[in-house]
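S.K.: from the sequence below, what's the structure:
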Amino acid sequence: MSDSDAGIALNGANLTLSEVVAAARGRVPLRLAPGVRERMAASRSVIEQALAADTAVYGLTTGVAERKRVRIAPAQQAAFNERLIATHRVAQGPPAPADVVRAALVVLTNSLAKGAAGVRPALADALLDVLAQGTAPPVRRLGSVGQADLGPMADLAHGILASTGFRLAENEGLALLNNNAFSAAWSALALADADALLRTMDAAAALDLEAFRANLSVLHPVVDEIRPFPGLVTTLERLRRLLAGSALWEQGTARNLQDPLTYRCIPQIHGAARDALAYGTAVVETEINAAQGNPAVAVAEGRVVSVGNFDAGPTAAAVDFVRLALAPAVGAAAERTVKLLQAPWSGLPAGLAADPGSGDDGLAELGVTVQALAVEARSLAAPVSHELVSTTKGEGIEDRTSMTSLAARRLSEMLDLAGRVVAVELVVAAQAVDLGRPHPLGRGAAAVHDAVRAVLPAT
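M.R.: So this is what the prediction gives:
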């Protein structure tokens with residue numbers, strides 16, 4: 001929950017994607033909400049009782065994975081938590097982006113605030129101190145199978161301890177490792193970026209419609225009246241606003257009775273992507289407000305129980321779904337761009353050359369680039385949440401993966417490529433508008449055209 005004056009208060013229950021973005025990229029300050037410290041202290045007391053009773057509790061008084069039958073002597077339990085971090089620093093590859101690491105700290109702190117991990121409030125304070133410093137510990141991006149981001153979280157935990165000097169108590173090392181904060185954070189940022197991209201795709205599509213002199217009957221009110229998908233309704237509203245005032249609404253202005261499907265079905269294609277994005281956002285907002293660790297403290301019962309909340313299957317599947325729904329939108333954008341470059345389709349000079357008699361091919365080569373970018377983007381749409389290993393380790397007990405961090409990373413990479421597709425689309429559409437005038441543009445489409453021209457002059 002946000003407060004514009006005091007930043008974001010974390011209570012483990014209602015953190016939003018926009019708040020994760022604000023804290024990770026805008027450096028909005030964070031604090032624990034009222035009542036969180038008391039809730040965490042109550043949870044910690046259950047841990048202390050289990051320690052005093054010398055109860056067999058996974059990762060607290062026993063080892064982990066294949067060492068789960070080994071009892072840890074009371075005098076060694078705190079040191080054991082520190083060793084857990086060292087032995088799990090097995091991630092690989094280049095460091096994750098700094099905003100992803102900061103977002104992971106936000107999600108991790110919010111998860112601890114829920115009060116199920118059994119850690120002291122002081123650990124949450126240490127995480128907030130790292131965020132307040134404005135730094136991001138180096139966290140390698142590869143090596144998580146989505147059943148807790150063990151490798152990347154070990155890197156993050158190591159960075160936290162190194163920068164704060166915080167000394168772990170029993171159970172706290174495991175709590176830092178045994179969660180999916182890294183995957184959930186990357187998913188949250190990627191979904192926020194997907195929303196921004198989809199809005200830009202609407203703007204580019206509106207300019208395409210103007211440039212192609214398309215038939216705007218596809219935006220008729222009957223479309224969403226008889227097929228009321230939420231994403232379709234939203235997309236139609238946005239396109240109508242962007243094209244308000246366009247001459248294309250006038251009878252006889254459009255060149256074709258029916259345009260190619262990538263023009264005619266823009267509302268349906270973008271609408272499907274919006275619906276998938278709405279679903280993904282709801283899932284990830286649930287995940288960033290969840291306690292993902294094992295074991296979990298059942299405070300009301302005074303018990304510590306083994307659970308499987310580290311399985312991030314819902315997030316992985318939701319992010320897979322978003323990539324699958326975005327792929328057609330990316331492909332359609334590339335196809336519209338290529339058609340604008342081809343004289344038989346656009347009715348304009350080939351390659352949108354300003355001087356067709358010069359032999360200059362104008363922007364024609366951008367058609368090759370945009371298709372290459374779109375193919376590579378679509379190749380990242382393949383789902384990964386169905387992956388299954390036969391056995392990794394732990395005497396065969398760890399026989400399940402969700403590959404959530406891979407799902408999120410692929411969405412982020414896909415968005416970068418898709419953004420490049422839309423950039424080419426905007427350049428080509430603006431050139432086509434310049435060559436194909438004089439019909440008046442819609443007010444929104446005109447603003448989009450002017451924005452392109454403020455960056456790049458006509459060729």
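S.K.: so what's the most centrally placed residue in the chain scoring on pLDDT?
M.R.: Nearest to the mean C-alpha position of the chain, counting by C-alpha atoms, centre = their mean, stands A190 at 2.2 Å. On pLDDT, A190 comes in at 98.
S.K.: cool, and T459?
M.R.: 85.
S.K.: same question for R31.
M.R.: Looking at R31, its pLDDT is 97.
S.K.: go on, the one 4 residues further on?
M.R.: The per-residue pLDDT reported for G35 equals 98.
S.K.: same thing with A13?
M.R.: Model confidence at A13 (pLDDT) stands at 97.
S.K.: any idea whether it is helix, strand or coil?
M.R.: coil (DSSP: H, G, I helix; E, B strand; the rest coil).
S.K.: apart from its chain neighbours, what residue comes closest to it?
M.R.: Of all residues not flanking A13 in the chain, N289 sits nearest, at 5.5 Å (C-beta to C-beta, 6 or more residues apart in numbering). Yep, even glycine has a C-beta here, placed from its N, CA and C like the rest.
S.K.: check which element follows the helix or strand of the chain with the lowest mean pLDDT along the chain.
M.R.: Lowest by mean pLDDT, DSSP states H and E among the helices and strands of the chain is strand 2-3, with a mean of 52. Once strand 2-3 ends, the next helix or strand along the chain (criterion: DSSP states H and E) is strand 7-10.
S.K.: got the contact list for the helix or strand just after that next one?
M.R.: The C-terminal neighbour of strand 7-10 among helices and strands, as given by DSSP H and E, is helix 17-25. With C-beta atoms under 8 Å, 6 or more residues apart in numbering as the test, helix 17-25 has contacts from 2, 8, 28, 30, 99-100, 102-103, 106-107, 131, 185, 188-189, 191-192, 281, 284-285, 288.
S.K.: any buried residues in helix 17-25, and which?
M.R.: 17, 19-24 (16 or more other C-beta atoms under 10 Å).
S.K.: stretch 304-323: end-to-end distance?
M.R.: Using C-alpha to C-alpha, to the nearest Å, the end-to-end distance of stretch 304-323 comes to 38 Å.
S.K.: check which helix or strand covers V233.
M.R.: Counting by DSSP H and E, the element that carries V233 is helix 230-242.
S.K.: show me what that helix packs onto, helices and strands only.
M.R.: helix 181-212, helix 222-226, helix 266-287, helix 443-455 (3 or more C-beta pairs under 8 Å, 6 or more residues apart in numbering; DSSP states H and E).
S.K.: C-alpha coordinates for the third one, PDB please?
M.R.: In this case it means helix 266-287. C-alpha atoms of helix 266-287 as PDB (Å, rounded to 0.1, in the frame of the first residue of the first chain):
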ATOM      1  CA  ILE A 266      -5.800  -5.400 -34.700                       C
ATOM      2  CA  PRO A 267      -8.500  -5.100 -32.000                       C
ATOM      3  CA  GLN A 268      -8.800  -8.800 -31.700                       C
ATOM      4  CA  ILE A 269      -5.100  -9.500 -31.700                       C
ATOM      5  CA  HIS A 270      -4.200  -6.800 -29.200                       C
ATOM      6  CA  GLY A 271      -7.300  -7.600 -27.200                       C
ATOM      7  CA  ALA A 272      -6.200 -11.200 -26.700                       C
ATOM      8  CA  ALA A 273      -2.800 -10.000 -25.500                       C
ATOM      9  CA  ARG A 274      -4.500  -7.700 -23.100                       C
ATOM     10  CA  ASP A 275      -6.600 -10.400 -21.600                       C
ATOM     11  CA  ALA A 276      -3.600 -12.600 -21.200                       C
ATOM     12  CA  LEU A 277      -1.700  -9.800 -19.500                       C
ATOM     13  CA  ALA A 278      -4.600  -9.100 -17.100                       C
ATOM     14  CA  TYR A 279      -4.500 -12.800 -16.100                       C
ATOM     15  CA  GLY A 280      -0.700 -12.800 -15.700                       C
ATOM     16  CA  THR A 281      -0.900  -9.600 -13.600                       C
ATOM     17  CA  ALA A 282      -3.500 -11.100 -11.300                       C
ATOM     18  CA  VAL A 283      -1.400 -14.200 -10.800                       C
ATOM     19  CA  VAL A 284       1.900 -12.400 -10.200                       C
ATOM     20  CA  GLU A 285       0.300  -9.900  -7.800                       C
ATOM     21  CA  THR A 286      -0.900 -12.900  -5.800                       C
ATOM     22  CA  GLU A 287       2.600 -14.300  -5.800                       C
END
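S.K.: cool, thanks, talk later.
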